[in-house]
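no FASTA, just this:
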């Protein structure tokens, strides 16, 4: 039986960008596979009862968060550039298409490289198409899925299942009944994998 880590993410999340850089290696070294599940962070927060403003609206918090992100990016040796926009629903939906094609890891990695590494505007459909091609997925089919009622419904169901499971933010990683929230919990996740 294949053991899995359920990885809940939203392309709006810079900490998910950081987590996905390390998670595949951690999973493989323990003989686990990652199941990629896109969510909508604002929707998940509200469903959990968190009606507070986004981090971007709390200036003292965003200042500290940016500093933390820069420290993590330096530690991981990767670029970090805030994107030109935060409308990531199409990318989240597209991740489900890539997942169905067996290319979720490739798509998610390149999408995050573009959005949080290069700072592209997620509204740019050419970037989305190029990301699909780079991940080995048919770009036209992916874009058609994102725009279709089938794609929108699949993304809605993915979000609903995450909320039902108790997902309230990203990144969140589930292994059986254990939950690890945040890039800074990867050490705990790795230690858990070594004892099960």
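Done, it's in. Just so it is clear, the structure is predicted and the values come from calculations on it, not from any experiment.

continuing past the least confident helix or strand in the chain by mean pLDDT, what's the next helix or strand?
One helix or strand of the chain scores below all others by mean pLDDT, DSSP states H and E: helix 41-47, with a mean of 82. Using DSSP states H and E, the next helix or strand after helix 41-47 towards the C-terminus is helix 59-76.

mind listing what's buried in that following helix?
69, 72, 73 (16 or more other Cβ atoms under 10 Å). Just so you know, the C-beta spots here come from the backbone N, C-alpha and C atoms, and that holds for glycine as well.

residues contacting residue 72?
Contact analysis of residue 72 by Cβ atoms under 8 Å, 6 or more residues apart in numbering lists 15, 18, 80, 183.

as CSV, the residues you listed with neighbour count and pLDDT would be great.
Formatted as CSV, the entries for these read as follows, by neighbours: other Cβ atoms under 10 Å; pLDDT from 0 to 100:
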residue, neighbour count, pLDDT
15, 20, 95
18, 25, 96
80, 18, 96
183, 24, 93
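
for those, which two are the farthest from each other?
Farthest-apart pair in the contacts of residue 72 is 80 and 183; separation 12.0 Å (Cβ to Cβ).

what distance do you get for residue 73 to residue 81?
Residue 73 is 9 Å from residue 81, where distance means Cβ to Cβ, to the nearest Å.

repeat for residue 122
On the measure of Cβ to Cβ, residue 122 and residue 81 end up 13 Å apart.

more neighbours: those two, which one.
Ranked by neighbour count (other Cβ atoms under 10 Å), residue 122 and residue 81 place residue 122 first, with 22 against 13.

my guess is that one contacts residue 94, does it?
No - the criterion here is Cβ atoms under 8 Å, and residue 122 misses it with residue 94 at 10.4 Å.

can you list residues touching both of the two?
With Cβ under 8 Å, 6+ apart as the test, residue 122 and residue 94 both reach residue 128.

tell me the SS of residue 123?
The local conformation at residue 123, judged by DSSP: H, G, I helix; E, B strand; the rest coil, is coil.

what is the burial count for it?
When neighbours are defined as other Cβ under 10 Å, residue 123 has 15 of them.
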